[in-house]
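> From the sequence below, what's the structure:
(one chain, ligands or ions: 4)
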Amino acid sequence: MNAPKCPICHQSDIGILDGQCAVCRSCSKSKRCVFQFCLECQREWPRDASTTESCMLPNCALRAALLRDTIISDPESSVRGCPYFRACPGCHALITHNGEGCPNIICPNCNQEFCFRCLRPECYDNEDDEYYDDYDQDDPEPELCVIVDNTEILQHLGL
Ligand SMILES: [Zn+2]
Ligand SMILES: [Zn+2]
Ligand SMILES: [Zn+2]
Ligand SMILES: [Zn+2]
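Ligands and ions are numbered 1, 2, ... in the order given. The predicted structure follows:
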């Protein structure tokens, strides 16, 4: 795991209090009040929290997993370069790809099929070179399968 950084100032001048609660020294100085945040989900620690074990904010674990900067690096994997975790576009369950077969994956929770790279429900790109050889100029340009990060889904989830 990388050194934890403050979600506001992105510096690592932080002190870990207890459990998942951390305090940013430089933000606390500039705000003139103690700025505490959750190491997991990177959100401000609730002031009325009764514990430092967990921030108790909704979807802490889901947000933490989607924010993690672990990238699939297996050169054999069809989803190399993708974040390790994805949220299913249908039911938002946390999903990871086993690297076998094509980038398309079926959510075990809701059976929604989607592309692990671009998160579109129907992606026919999947690096099929032949498709481009027969590519007819009159056809609408095929939408390329581009690896997206989890920013959009996090916004969509309101996290
Ligand atoms: Zn800070
Ligand atoms: Zn949290
Ligand atoms: Zn699903
Ligand atoms: Zn795709």
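
> Which positions in the chain make contact with ligand 1?
Within the chain, the residues that sit near ligand 1 (CB under 5 Å from the ion) are C6, I8, C9, C24, C27. Where C-beta positions appear, they are placed from N, C-alpha and C, glycine not excepted.

> which ones among those residues are found in helices?
When DSSP state H defines the helices, the subset of those inside them is C27.

> Can you tell me which of the residues of the chain next to ligand 1 are buried?
Burial of these was assessed by neighbour count (16 or more other CB atoms under 10 Å); the buried members are C6, C24, C27.

> This structure against ligand 3: which residues are in contact?
C88, G90, C91, A93, C107, N109, C110, Q112.

> how many neighbours does the nearest residue to the second one once chain neighbours are set aside have?
In other words, G90. Across the structure, with CB to CB, 6 or more residues apart in numbering as the measure, the residue nearest G90 apart from its sequence neighbours is Q112 (3.4 Å). Other residues near Q112 number 15, with proximity taken as other CB atoms under 10 Å.

> tell me the contacts of Q112?
Neighbour list for Q112: C88, P89, G90, C91, I106, P121 [criterion: CB atoms under 8 Å, 6 or more residues apart in numbering].

> For the second one, which non-adjacent residue is closest in space?
Think P89. Using CB to CB, 6+ apart, the nearest residue to P89 is F114, at 5.4 Å.

> Is that neighbour in a helix, a strand, or coil?
strand (DSSP: H, G, I helix; E, B strand; the rest coil).

> Read off the pLDDT value for it.
The predicted structure scores F114 at 95 on the pLDDT scale.

> try D128
We have a pLDDT of 51 for D128.

> The residues of the chain next to ligand 1 in strands, which ones?
Counting by DSSP state E, these place C24 in strands.

> Reformat the residues of the chain next to ligand 1 as CSV; add pLDDT.
Converted to CSV, these look like this (pLDDT from 0 to 100):
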residue, pLDDT
C6, 96
I8, 95
C9, 96
C24, 97
C27, 97
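
> nearest to H97, of the residues of the chain next to ligand 1?
Distances from these to H97 were compared by CB to CB; the smallest belongs to C6, at 30.8 Å.
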